[in-house]
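Trainee: how would this look folded up:
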Amino acid sequence: MNAELKWLLLLVFGSVILVNATGLGHQTPTTIPAVVIRDGLILKAGPDIFLIESGHKRHIINLDAFTGKGFAWERVQQVDQSVINALPDGPPVAVLLKGSGPEIYLLDKGHKRHILTIKDFEQARFVWDDVRFVSDTDLRRLPDGPPVPPLTPVPTSSQ
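Mentor: This is a model prediction of the structure:
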């Protein structure tokens, strides 16, 4: 074996065991919980929570998005940051609202925040499928928050 380290991953009774192959007889393996990455999984590393969709991590940007999408805290699985870092970024998960007018709003801490332009919408990597159509009455009931700043992408993780 050459000078670079060789590692083996062994799946043993639901755990992944990380073993340095150069010193198999001389080291105690490190055990970490096994996680099978699949669509619909909700993962948490540090303060950030992600939805796994099409093999990508989608940052759930706020509590409004978490509860608005019907997620339950019991579904959240704590993982090491390295698991999150290994997944490619997808668009953020957000609750986006639209009444009868052209305006689209981000729901954030119970306030509606106007996304000023389509370019801003796209720059933030929002997804059209996340836009919910609501009555103008319901939209007016929400207090106004500051507009979403132009050309400010919503972070996909806290890396």
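Trainee: next, count neighbours for V148.
Mentor: By the criterion of other Cβ atoms under 10 Å, V148 has 22 neighbours. Where you see a C-beta, it was placed from the backbone N, CA and C, and this is true even at glycine.
Trainee: quick one: it from L96, how far?
Mentor: Using Cβ to Cβ, to the nearest Å, V148 is found at 10 Å from L96.
Trainee: now for the two: what residues contact both?
Mentor: Residues touching both V148 and L96 (Cβ atoms under 8 Å, 6 or more residues apart in numbering) are 106, 115.
Trainee: compute the number of surrounding residues for K69.
Mentor: 14.
Trainee: so what's it up against?
Mentor: With Cβ under 8 Å, 6+ apart, K69 has these contacts: 51, 60, 93, 95.
Trainee: let's go with 7 Å and repeat that
Mentor: V93 (Cβ atoms under 7 Å, 6 or more residues apart in numbering).
Trainee: offset the numbering so it begins at 2, please.
Mentor: With 2 as the first residue, the last one maps to K70.
Trainee: how about it, phi and psi?
Mentor: K70 adopts backbone torsions of phi -90, psi 0, taken as degrees, to the nearest 10.
Trainee: how does the protein divide up, domain by domain?
Mentor: Per the record, the chain has its domains at 2-35, 43-142, by automatic domain parsing.
Trainee: now N86: how far from N63?
Mentor: Taken as Cβ to Cβ, the span from N86 to N63 is 22 Å.
Trainee: between these two, which one's more packed in?
Mentor: N63 (20 against 11).
Trainee: could you find the closest non-adjacent residue to the more buried one?
Mentor: Nearest residue to N63, sequence neighbours excluded (Cβ to Cβ, 6 or more residues apart in numbering): D109, at 5.6 Å.
Trainee: burial measure for that neighbour, as a count.
Mentor: 18.
Trainee: from memory it sits against L64, does it?
Mentor: No - using Cβ atoms under 7 Å, D109 is not in contact with L64; the gap is 9.2 Å.
Trainee: packing partners for the one helix or strand K58 maps to?
Mentor: Using DSSP states H and E, K58 maps to strand 57-60. Judged by 3 or more Cβ pairs under 7 Å, 6 or more residues apart in numbering; DSSP states H and E, strand 57-60 is in contact with strand 49-54.
Trainee: pLDDT averaged over the strand it packs on - what is it?
Mentor: The pLDDT scores in strand 49-54 average 95.
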